[in-house]
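**Q** Predicted model and sequence follow; I will ask about them next.
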Amino acid sequence: MMNNSMTLIMAGRQQRRRRWIIVTGSLAAVSCVLCCAMLLLGNTIYPVQDVIRTLLGEQIKGVSFAVNTIRLPRMLAGLFAGFAFGMGGSVFQTMLRNPLANPNVLGITTGSSAAAVFCIVILHTSDSIVSIASVIAGLATALLIYTFSRGRTFSIGRLILIGIGMQAMLNAVISYLLLVSAEPDVPAALRWLSGSLNGSQMHELPPLIITVLICVPVLIVLMKHLSILELGEQSAASLGVNTDKTRMVLIVGSVCMIAIATAVTGPIAFVAFLAGPIAKALVGTGLSAIIPAGLVGVNLVLAADLVGQFAFEVRYPAGIITGILGAPYLIYLLIRMNRKGDL
């Protein structure tokens, strides 16, 4: 009897692991296809061999400028920002055991946006200063929300309520800044707020790429602790997890990725919110979904950018497309949670 039970447990574990590998591999394959489409498609569709030769360093008239200056930075920005949004959002949702607990809803990206808009319309600073201010403001907002939510003991519900309040306040700040700003400055601020890969430049990408390459391994190492935190505060502590230290590292790593991604692309709406639930639905229970969530984020950003460029007569930023997808899901989630009594 015991042997049969162990056999069933091992078979179930292998099945879940096989499903995880298939889903993750499929998402990675779709990401590769979308990356290739980003390089090939545009006002002019270039032959694959010309694009490859250009990427290898050969100079081809017309192709080199289009691919190296416009399409490659755009693709890399979507790739790394999408992964940062997807993985960071999934970490928040898993750690806090609530699909609403993501940087979009908690106001962290709104903090970055408020700082960026202030720099654009009031200080008229350079793009690099806008990016730095955006990152610092995102980290500061996350620190404030976490500090206010602690009280005597850490409370997930308190954190979400404080985050939603912070988001409302910062949105009001953004509205005020746009209202009092000079008319010529408003379009630049609105373009940034829409969340777009337009105008991505290669010199802007190293901070994002380096941050993702540093933070992703740290978050992967902490995946086991993240799964234990899902069991609840007392259960995690009884299993030997230093909950405060682990949570702080997870928050800092996730916020750093999301804040720098926001500084590069603007707040691409709902990617951090949608990627985790989609990845969990695909992977199933039992194994961490943060890596698949990162790949889902990549696919959402790149696909939204391609749809915004080519599906309509007017070109739309990626954030408009993801916002159209995310808003109905947020309404559905709120209704479902209200019926369950989770709100």
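**A** Sure thing, it's come through. Numbering: from 1, shown residues only.
**Q** Keeping just the C-alphas, turn stretch 266-281 into PDB.
**A** The C-alpha atoms that make up stretch 266-281 are tabulated as PDB, following Å, rounded to 0.1, in the frame of the first residue of the first chain:
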ATOM      1  CA  GLY A 266       7.100  53.700 -19.200                       C
ATOM      2  CA  PRO A 267       4.400  51.900 -17.200                       C
ATOM      3  CA  ILE A 268       3.100  49.300 -19.700                       C
ATOM      4  CA  ALA A 269      -0.300  48.700 -18.200                       C
ATOM      5  CA  PHE A 270      -1.300  45.400 -16.500                       C
ATOM      6  CA  VAL A 271       1.700  43.200 -17.700                       C
ATOM      7  CA  ALA A 272       2.800  42.700 -14.100                       C
ATOM      8  CA  PHE A 273      -0.800  42.000 -13.200                       C
ATOM      9  CA  LEU A 274      -1.700  39.600 -16.000                       C
ATOM     10  CA  ALA A 275       1.500  37.600 -16.300                       C
ATOM     11  CA  GLY A 276       1.400  35.700 -13.000                       C
ATOM     12  CA  PRO A 277      -2.200  34.400 -13.200                       C
ATOM     13  CA  ILE A 278      -1.700  33.400 -16.900                       C
ATOM     14  CA  ALA A 279       1.500  31.500 -16.000                       C
ATOM     15  CA  LYS A 280      -0.100  29.800 -13.000                       C
ATOM     16  CA  ALA A 281      -3.000  28.700 -15.200                       C
END
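**Q** starting at the chain centroid, how far to it?
**A** Distance of stretch 266-281 from its chain centroid, counting by C-alpha atoms, centre = their mean, to the nearest Å, is 7 Å.
**Q** which parts of it are buried?
**A** 266-280 (16 or more other C-beta atoms under 10 Å). Just so you know, the C-beta spots here come from the backbone N, C-alpha and C atoms, and that holds for glycine as well.
**Q** Can you pull the poorly scored residue ranges out of the stretch 51-200 of the chain?
**A** For the stretch 51-200 of the chain, applying pLDDT under 70 flags the ranges 151-154.
**Q** Which other helices and strands does the host helix or strand of residue 256 contact?
**A** Under the criterion of DSSP states H and E, residue 256 resides in helix 243-265. When contacts are defined as 3 or more C-beta pairs under 8 Å, 6 or more residues apart in numbering; DSSP states H and E, helix 243-265 packs onto helix 72-96, helix 103-106, helix 108-118, helix 127-150, helix 206-221, helix 223-229, helix 233-238.
**Q** tally of neighbours for residue 221?
**A** Neighbours of residue 221 under the rule other C-beta atoms under 10 Å: 10.
**Q** Kindly report the same for residue 98.
**A** Neighbour number of residue 98 under other C-beta under 10 Å is 17.
**Q** Next, it: phi, psi?
**A** phi -160, psi 130 (degrees, to the nearest 10).
**Q** looking at it, it is touching residue 156, isn't it?
**A** Yes. If you go by C-beta atoms under 8 Å, residue 98 and residue 156 touch, sitting 6.0 Å apart.
**Q** quick check, nearest of the buried residues of stretch 266-281 to residue 336?
**A** For the buried residues of stretch 266-281, the minimum distance to residue 336 (C-beta to C-beta) is 11.3 Å, reached by residue 277.
**Q** Just the element for that closest one, please.
**A** According to DSSP H and E, residue 277 maps onto helix 271-283.
**Q** Contacts made by that helix with the rest, please.
**A** 19-20, 23-24, 27, 82, 85-90, 92-94, 99, 102-105, 109, 258, 289-290, 292-297, 300-301, 322, 325-326, 329-330 (C-beta atoms under 8 Å, 6 or more residues apart in numbering).
**Q** which other helices and strands contact the host helix or strand of residue 34?
**A** Using DSSP H and E, residue 34 maps to helix 2-40. Other helices and strands packing on helix 2-40, by 3+ C-beta pairs under 8 Å, 6+ apart, are helix 48-55, helix 72-96, helix 271-283, helix 290-310.
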